[in-house]
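> 3D model of this:
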Amino acid sequence: MPRGKVVFVCQVCGYESSKWLGKCPSCGEWNTFVEEEIPEKKDTKNVLIIERISPSKISDIKSSELLRIRTGLKQFDDMMNGGLVRGQVTLLAGEPGVGKSTLMLQIAKSLSSFGKVLYVNSEESNEQIKLRAERLGIKEEEIFLFPEINLERITDLILSKDYNFLIVDSIQNIFSDKFLSSPGSVTQVREISSRITEIAKYKNITTFLVGHINKEGMIAGPKTIEHIVDTIIFVDKDNKGNYRILRAFKNRFGPTNGIAIYNLTSNGLEDVDTLSLVLSDSPSLVGSVLCPVVEGVRCMVVEVQSLVNFTQFGFAKRTADGVDVNRLYMIAAILDKYLNTNLSTYDIYLNVTTGFDVKETATDLAIAFSILSSIKNKHVPKDLAVFGELGLGGEVRSIFWPDIRINELKRIGVKKVILPKGNKIYESKDIEVIEVENIYDLISFL
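Next up is the predicted model:
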């Protein structure tokens, strides 16, 4: 191998410098530069030579080539706008133990009915993969395991054989002979992702790249990876670790507002059809109110609980689990300003059930209602739900998807709902609708 120049590469963003730097001038991270050697002369031994292709009219492209391939996982297919596309390259990222390899094996099982699947297992042996496959009940003949970590051997096999699907688990463990840096470095990951994507597009192979995340929760490797691939999916856990949540952060072939929620069991990932509370199991409590929230295009009903108590110290405490604590500070300030609740002398503990972090502002009105219920020691009927956004002027603002929320509330048996006056919904005889215009209407109802 020809001797190359030595550069220092940021392991977060891929910025290159001729000398070591304490702080990266590109991304601002500290102590991220690692010394790497880059060959001066590019090795052309394994460069892919793509045949020349003439331009094609868009009207001449057959629509059958764009048909979706369903993976058999309903929520995953819905999140991917109906399934996968031929030649699509998807990056699946998540923390260790979240279920990425299990998900890949389940998807490989379904894809094997459409063609040959090459599973490059760079982290586990064939025997270890076989044990997991037996536990998941996978016995398909068209899944080929290839325990290899060398990029050149992997690409030679893909180019010499006809595979319809490719799974690389994981790209951080694969290295190229052209670079002296260790596997997982920015240079290696960038080269591997670019090379595999090039071959996948050339041979029209639907590809999954499994990646790790760093301690900040971002995809490990340079940002160029995210621009190369067609789709980026994050696999995450809820706060209590009960569910696995898949979110598409980039998708060239569909929307990115969908999510898929699964239970990780001994039999693999299983669909979670509904996350809403069972109304009969929810007693009437002080400071507890139901609220419908929308994640992506799915609606679930959560329970917002507040405990308001006199502070034992000179500074009132604010604790929130499931929502941003700054949102709690803002809502408490609004109540103090317009209703003279004097919450500065009270500790407020806020909790959202189901273990999910709720980010949308539709919970504002439910949080305010819950706090008022607790401070006044008023029981909230278990068949009542509240949703709406609260403005700094004490006004109640309309929100998106009111009809989806109402339908979910009706499904679980809610009989009464408080919502913003600006939201127009269809007439319903099954549920009583109470419209509020400002915070004063809310306190008058309570």
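> only C-alpha atoms for contact and neighbour calcs from this point on.
Noted.
> Now that Trp20 has come up, it's in contact with Phe33, right?
Yes. In this structure Trp20 lies within contact range of Phe33 using C-alpha atoms under 8 Å: 6.4 Å.
> Between the two, point out the one with more neighbours.
Phe33 (23 against 17; other C-alpha atoms under 10 Å).
> what's the pLDDT at Leu275?
pLDDT for Leu275: 63.
> Strands of the stretch 151-300 of the chain, start to end?
165-169, 206-211, 231-237, 244-251, 259-265, 268-271, 285-286, 288-295, 298-310 (DSSP state E, counting those that start in this stretch).
> In CSV: those, plus mean neighbour count and mean pLDDT.
As requested, the strands of the stretch 151-300 of the chain are arranged in CSV below (neighbours: other C-alpha atoms under 10 Å; pLDDT from 0 to 100):
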stretch, mean neighbour count, mean pLDDT
strand 165-169, 25, 95
strand 206-211, 24, 94
strand 231-237, 21, 90
strand 244-251, 20, 88
strand 259-265, 19, 86
strand 268-271, 18, 87
strand 285-286, 18, 88
strand 288-295, 25, 90
strand 298-310, 21, 90
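> Columns distance to Gly391 on top of the ones you listed, output as JSON lines?
Formatted as JSON lines, these follow (distance: least, C-alpha to C-alpha, whole Å):
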{"stretch": "strand 165-169", "distance to Gly391": "47"}
{"stretch": "strand 206-211", "distance to Gly391": "41"}
{"stretch": "strand 231-237", "distance to Gly391": "31"}
{"stretch": "strand 244-251", "distance to Gly391": "29"}
{"stretch": "strand 259-265", "distance to Gly391": "28"}
{"stretch": "strand 268-271", "distance to Gly391": "37"}
{"stretch": "strand 285-286", "distance to Gly391": "25"}
{"stretch": "strand 288-295", "distance to Gly391": "18"}
{"stretch": "strand 298-310", "distance to Gly391": "19"}
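> Common neighbours of Trp20 and Phe33, please.
Phe8 (C-alpha atoms under 8 Å, 6 or more residues apart in numbering).
> The residue lying closest to Phe356 once chain neighbours are set aside - how many residues pack around it?
Residue nearest to Phe356 in three dimensions, not counting chain neighbours: Asp238, with 5.3 Å by C-alpha to C-alpha, 6 or more residues apart in numbering. Residues lying near Asp238 (other C-alpha under 10 Å) number 15.
> okay, Asp238: pLDDT?
For Asp238, pLDDT reads 77.
> For it, give its distance to Ser101.
Using C-alpha to C-alpha, to the nearest Å, Asp238 is found at 19 Å from Ser101.
> With Val297 instead?
From Val297 to Ser101 the distance is 26 Å (C-alpha to C-alpha).
> same deal with Asp77?
Where Ser101 is concerned, Asp77 sits at a distance of 18 Å (C-alpha to C-alpha).
> now swap in Leu157 and tell me
On the measure of C-alpha to C-alpha, Leu157 and Ser101 end up 22 Å apart.
> cool, and Ser181?
26 Å.
> Could you do Glu437 as well?
Distance from Glu437 to Ser101, by C-alpha to C-alpha: 50 Å.
> of these two, who's got more company?
Shown here are Glu437 and Ser101; by other C-alpha under 10 Å, Ser101 has more neighbours (20 against 17).
> Show me what stretch 384-401 is in contact with.
Stretch 384-401 is contacted from outside by 289-292, 294, 331, 334, 338, 361-366, 369, 409, 414-423, 436-439, using C-alpha under 8 Å, 6+ apart.
> Please give me every residue in contact with Val352.
Per C-alpha under 8 Å, 6+ apart, neighbours of Val352: Val302, Glu303, Val304, Gln305, Asp321, Gly322, Val323.
> where does this protein dip in pLDDT?
Along the chain, segments meeting pLDDT under 70 span 1-4, 38-53, 62-66, 214-224, 274-283, 426-428.
> what's the residue closest to the geometric middle of it?
Arg247 (2.8 Å; C-alpha atoms, centre = their mean).
> mind checking how far the closest residue in space to that residue that isn't next to it in sequence is from Asn81?
Leaving out its chain neighbours, the residue that sits closest to Arg247 by C-alpha to C-alpha, 6+ apart is Ile259, at 4.8 Å. Separation of Ile259 from Asn81 (C-alpha to C-alpha): 11 Å.
> do the same with Phe400
Taking C-alpha to C-alpha, one finds Phe400 at 21 Å from Asn81.
> again, but for Asn126
In terms of C-alpha to C-alpha, Asn126 sits 33 Å off from Asn81.
> go on, Thr155?
In terms of C-alpha to C-alpha, Thr155 sits 30 Å off from Asn81.
> just Ser444 next, same as before
45 Å.
> now Asp177
38 Å.
> Check Ala332 too.
40 Å.
> More neighbours: these two, which one.
Using other C-alpha under 10 Å, the more surrounded residue of Ala332 and Asn81 is Ala332, with 21 against 17.
> So which bits of the longest helix along the chain are buried?
The residue-count maximum for a helix in the chain (DSSP state H) belongs to helix 186-203. By 16 or more other C-alpha atoms under 10 Å, the buried positions in helix 186-203 come out as 186-200, 203.
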